[in-house]
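Novice: Provided below for reference: sequence and predicted model.
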Amino acid sequence: MKDVLVIGANRGLGLGFVEALLARGCRVVATVREPMHAGMLTKRAATEPLEILALDVGKAESRERFHRDMAPRTIDTVIHNAGIYGPRGLPVGDLPEDAWMEVLHIDTVAPLLTAQGLLPQMRASASAGKKTSFHFLTSLMGSVGDNGSGGSYLYRSAKAGLNAAVRSLSIDLASDNIAVQLLHPGWVRTGMGGENAPIDIPTSVAGMIERIEELSLAESGRFVDYTGKALPW
Ligand SMILES: NC(=O)c1ccc[n+]([C@@H]2O[C@H](COP(=O)([O-])OP(=O)(O)OC[C@H]3O[C@@H](n4cnc5c(N)ncnc54)[C@H](OP(=O)(O)O)[C@@H]3O)[C@@H](O)[C@H]2O)c1
C-alpha cells in the first residue's frame, strides 16, 4: 500500500485514515466536498505527500470531474469512507421517501459509481504487479443476520445494499487481481457515532489499516470489523 485514495476525508474516520496513512509513509489523495473548508488537510498538503481533490460522491458532475482529475494519477488502494446516516429515530408509519432515497443514493449507489470510474487506474496498478484493493466502509447495521433490534430503516437498508453490491464487485474484479472488502469500523466517536461511542478514531483506523494490509485475493469479498472478526451478512 503506497498510493492511497481516501474518499470523504475532511473529518471523522476519513481524516483519521489520512493522518495514519501519512504517518506510515504512504502518498495520499484525499477527497473532500469543500476544499475551501478543509483547513487542516490543506496545511498538511503543503509539506507532506498529500493531495486534496474535490468530490461530492452524490453529484454526477462532481464525480466526472474527479474521475478526470484522477486519470493521470497512480493509485493502488482505495478507501471509500464517505457515508451518511440520515434522519434518526423514524418509526415505521412515518418513513420519508426523499430522505430514504438520499441515504440509498449516498451509501449504496454513489460508492459503486465512484469506484467504477477508478477502474482504469486500479487495473493498471494490478497489471503492474502491485497489490491493488478497494475497501468500503460499511456497518454492522447493514447486517440482516445481526438485526435483532429493528428500526434504522434508512441506514440499515442502504448499508445492506452496499454489502450486496460490493460482494458482486469482489467477484467481478477477481480476474483483474483486485481485492475488495467491506469494513465495519466499530462504534466510533465521530460526528456520526456520537460522543458515547466506546472506540476512538485512532484505534478503529489502526485496526482497519491492518485489515487493509492483510487482505489477500483469496479473502476478497469478506465483511469484517476493525479487529478482523468476520460479520454475518
Ligand atoms: N462512526 C461510527 O460509529 C460508524 C459505525 C459504522 C459505520 N460507519 C461508517 O464509517 C464511515 C465514516 O463515518 P464517520 O463516523 O467518520 O462519519 P462522519 O463523521 O459523519 O463523516 C462522514 C464523512 O463522509 C463525508 N460525506 C458525506 N456525504 C458525502 C458526499 N455526498 N460526498 C462526499 N463525502 C461525503 C463527510 O463529508 P462532509 O464533512 O462534507 O459532510 C465526512 O467526511 C461512514 O461510511 C459510516 O457509515 C461509522
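Specialist: Perfect, I can see it now. Residues are numbered from 1 along each chain as shown.
Novice: gap between residue 181 and the ligand?
Specialist: As judged by C-beta to the nearest ligand atom, to the nearest Å, residue 181 and the ligand stand 14 Å apart. Quick note: C-beta positions are derived from backbone N, CA and C, even for glycine.
Novice: The strand or helix carrying that residue pairs with which strands?
Specialist: In the assignment (DSSP states H and E), residue 181 maps to strand 178-184. On the basis of DSSP bridges, the sheet neighbours of strand 178-184 come out as strand 132-137 (parallel), strand 222-225 (parallel).
Novice: Now those in CSV, please, with extra columns for mean neighbour count, distance to residue 208 and mean pLDDT.
Specialist: Putting the strands paired with strand 178-184 into CSV (neighbours: other C-beta atoms under 10 Å; distance: least, C-beta to C-beta, whole Å; pLDDT from 0 to 100) gives the following:
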stretch, mean neighbour count, distance to residue 208, mean pLDDT
strand 132-137, 25, 8, 98
strand 222-225, 20, 9, 98
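Novice: between those, which one is nearest to the ligand?
Specialist: Smallest distance to the ligand across the strands paired with strand 178-184 (C-beta to the nearest ligand atom): 3.9 Å, for strand 132-137.
Novice: Can the closest one be said to contact the ligand?
Specialist: Yes: judged by C-beta under 6 Å from any ligand atom, strand 132-137 and the ligand are in contact via residue 137.
Novice: Check stretch 93-109 too.
Specialist: Yes: contact between stretch 93-109 and the ligand, assessed by C-beta under 6 Å from any ligand atom, occurs at residue 106.
Novice: can you list the residues that contact that stretch?
Specialist: Under the contact criterion C-beta atoms under 8 Å, 6 or more residues apart in numbering, stretch 93-109 has outside partners 57-58, 82-87, 90, 153-155, 157-159, 161-162, 165.
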